[in-house]
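A.B. asks: With the input below, show me the fold.
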Amino acid sequence: MDIKKIDLNMANNYLSVANVNWIQVNNNNFALKGSLFLKENNNFYRLPNTIKTRDNLIALSKHSSGIYFDFKTNSTAISLKVDIASKAYMAHMAATGQNGFDLYFKNEGKWVFLATTKINLESYALTLIKDLKPILREYRLYFPLYNEVKDIYLGIDEKAKLEKVDPKQEKLVFYGTSITQGGCATRPGINYTSLLGRSLNLEAINLGFSGNCHLDDAILDILQKVKKMKYLILEPESNLTNEALKEKLPSFLKKLKTSLKETKIILISAFPQPLTLIKDDVKENYLKRKEFQKKLAETLEINFIDGFEILKDLDYEETVDGIHLTDLGFYNLYLYLNNYLRNL
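C.D. replies: Model (predicted):
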């Protein structure tokens, strides 16, 4: 049975618009956002091309999580022509999250989701939306969470207007684990980092590195130099051993606190873990690690949030595998942090 023939809403979206004007997505044609190094790199990497650090961190930095750009057009259709590094490769995360591009538009001052790329190919051209009235609208396009974007073109009507949008916003920076990178959201725009960026009208910078939030000196150096950073949200615990947590976190936080005088720093402990309900040793360690971080944050006068408290009302239904969040988890994480930051 081919469900795409039975239910057309399940079908892939392929290119269906003739006479398309293709514009390459780069910093000359658009104001790329969501990464600190887009101008100097001339690619879609999240760390500098010249950085000297661990190979795994460099590999993950090529994933375009959090990158986006805004634009205005009166085109009746919006298409994409894309080259990415690979097809989707994780069984527990949707291809639209790993590889997808999300299109939003601004409606009465609020960002509204329109379409995502329902396709699992390394190279393709497709139409995201068509048959629109030729009215000038503002759009935002989010990049994939778990793949490298090699090249991308935006397609509009041949005679349509196109305007670069370059909002000058303060930054909301995230440094964390696979959760922060976006595992396992069904699409890029539903990651809590992007949700918060839209809600708070800030440029969200995603420095989530799946399995590799190890408090590296190279990342510390980057964070200490970020300009116009209103908030810095950290959630490193799940990627740190007990020894690393105790040996590296105090120094890391002290240096950030010293450097970032005008930035509000928030440390989040690990989210709910169902194994704590059936393994006493796991529960004991979970509670000890949380208490260590809480006391450390109090000593350094850094804001601390208990990750368990954020998602406890979901009764452990917020993950796909006991660890990585689904959209349910991401949206509830966003709701909690949105309220917290507005009252901080």
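A.B. asks: Show me where the stretch 51-200 of the chain has its helices.
C.D. replies: Assigned by DSSP state H, counting those that start in this stretch, the stretch 51-200 of the chain shows helices spanning 55-61, 95-98, 178-181, 192-200.
A.B. asks: now, of those helices, which is deepest in the fold?
C.D. replies: Ranked by mean neighbour count, these are led by helix 178-181 with a mean of 26 (mean count of other Cβ atoms under 10 Å). (C-beta placed from N, C-alpha, C; glycine too.)
A.B. asks: show me the residues around the nearest residue to Ile84 once chain neighbours are set aside that make contact.
C.D. replies: Spatial nearest neighbour of Ile84, excluding adjacent residues (Cβ to Cβ, 6 or more residues apart in numbering): Asn147 at 4.9 Å. With contacts defined as Cβ atoms under 8 Å, 6 or more residues apart in numbering, the neighbours of Asn147 are His63, Ser64, Ile84, Ala85, Ser86, Gln98, Asn99.
A.B. asks: Distance-wise, check Asn147 relative to Leu132.
C.D. replies: 28 Å (Cβ to Cβ, to the nearest Å).
A.B. asks: Thr193 reaches Gly208, doesn't it?
C.D. replies: Yes. Thr193 is within contact range of Gly208, at 7.3 Å (criterion: Cβ atoms under 8 Å).
A.B. asks: any residues in contact with both of the two?
C.D. replies: Counting by Cβ under 8 Å, 6+ apart, the shared contacts of Thr193 and Gly208 are Gly66, Phe174, Thr180, Gly182.
A.B. asks: Compare those and tell me which is most surrounded.
C.D. replies: Using other Cβ atoms under 10 Å as the neighbour test, the shared contacts of Thr193 and Gly208 are led by Gly182, with 31 neighbours.
A.B. asks: Go ahead and confirm it touches Tyr142.
C.D. replies: No. Under the criterion of Cβ under 8 Å, Gly182 is not in contact with Tyr142, lying 10.0 Å apart.
A.B. asks: any common contacting residues for these two?
C.D. replies: Gly66, Pro188.
A.B. asks: ok, back up a step: kindly state the pLDDT recorded for the residue nearest to Ile84?
C.D. replies: According to the prediction, Asn147 has pLDDT 98.
A.B. asks: Please renumber the chain so that the first residue is 40 from this point on.
C.D. replies: Let's use 40 as the start, then, which means that last one is Asn186.
A.B. asks: before we move on, the earlier item: farthest-apart pair in the shared contacts of Thr232 and Gly247, please.
C.D. replies: Maximum pairwise distance among those (Cβ to Cβ): 10.4 Å, between Phe213 and Gly221.
A.B. asks: joint contacts of those two?
C.D. replies: Joint contacts of Phe213 and Gly221 (Cβ under 8 Å, 6+ apart) are Gly105, Thr232, Asn245, Gly247.
A.B. asks: Tell me if I am right that the third one is in a strand.
C.D. replies: Think Asn245. Yes. Under DSSP: H, G, I helix; E, B strand; the rest coil, Asn245 falls within a strand.
A.B. asks: and it, how many neighbours?
C.D. replies: The number of residues packed near Asn245 is 29, by other Cβ under 10 Å.
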